[in-house]
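K.L.:
The sequence and its predicted three-dimensional model are supplied below.
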Amino acid sequence: MTRKGISPLIAAILLIAFTITVATFLASWSTTFARTQTEEFSRAGEEIVAKCQYANLQVETAIYDSGEEKIVAVVWNMGKIELSDFQFLVYYSDVNITTLTPAEANKTLSTGDFYTFTADNVTSTPEKLQVRSLYCPRESIFTCIYSSGKFNC
């Protein structure tokens, strides 16, 4: 009894054909998947940008308490959309900026709502304070300048 297998040449051709078939399938699937994901993200981004044009954030008052090393800011949502995920950008100089997350930063402010946010660990006198919502970070930002012992907002 002699056993015969397929020749090495045919085995190599079958292996290459199988590899090309799998590679073609994966390339087709990954291209379609990437296109679908890109379109979904693009559509979601356009919706947020469209909503963000109605964002309007204002800081009514801000106080720096050097004894307790904190900043307290009363934030007012004057826009037509809800804002959330607030941040304080504290400028000590043009090159020294600290990003602080105030207590209850994830609070959602509806149109017309006020809320008092407090950020701790302000170790020295700031020159400027910017309050922004990360929901619309470019459209919902408000700046206060610190001079003569108080913030001018």
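P.N.:
The structure has been received and is ready for your questions.

K.L.:
Give the next helix or strand downstream of the lowest-mean-pLDDT helix or strand in the chain.
P.N.:
Sorting the helices and strands of the chain by mean pLDDT, DSSP states H and E puts helix 8-52 at the bottom, at a mean of 83. As assigned by DSSP states H and E, the chain's next helix or strand after helix 8-52 is strand 57-65.

K.L.:
Does anything pack onto that next one? Which helices or strands?
P.N.:
Counting by 3 or more C-beta pairs under 8 Å, 6 or more residues apart in numbering; DSSP states H and E, the packing neighbours recorded for strand 57-65 are strand 70-77, strand 128-133, strand 141-147, strand 150-152. Every C-beta, even on glycine, is put in place using the N, C-alpha and C of the backbone.

K.L.:
Check the gap between residue 90 and residue 82 for me.
P.N.:
Distance of residue 90 to residue 82, given as C-beta to C-beta, to the nearest Å: 25 Å.

K.L.:
Which strand residues bridge residue 129?
P.N.:
In this structure, residue 129 bridges to residue 90, residue 144 when assessed by DSSP bridges.

K.L.:
List the contacts of residue 14.
P.N.:
For residue 14, the contact set (C-beta atoms under 8 Å, 6 or more residues apart in numbering) comprises residue 6.

K.L.:
Just the mean pLDDT for stretch 93-112, thanks.
P.N.:
The predicted model gives stretch 93-112 an average pLDDT of 88.

K.L.:
so how far is that stretch from its chain's centroid?
P.N.:
Put simply, stretch 93-112 sits 13 Å off its chain's centre (C-alpha atoms, centre = their mean, to the nearest Å).

K.L.:
Buried ones in it, by neighbour count?
P.N.:
100, 102, 105, 109 (16 or more other C-beta atoms under 10 Å).

K.L.:
quick one: which of those sit in strands?
P.N.:
Counting by DSSP state E, these place residue 100 in strands.

K.L.:
Could you list the domains of the chain?
P.N.:
For the chain, automatic domain parsing gives the domain ranges 1-52, 57-152.

K.L.:
okay, these, which one's buried deepest?
P.N.:
Among the domains of the chain, domain 57-152 has the highest mean neighbour count (mean count of other C-beta atoms under 10 Å), at a mean of 16.
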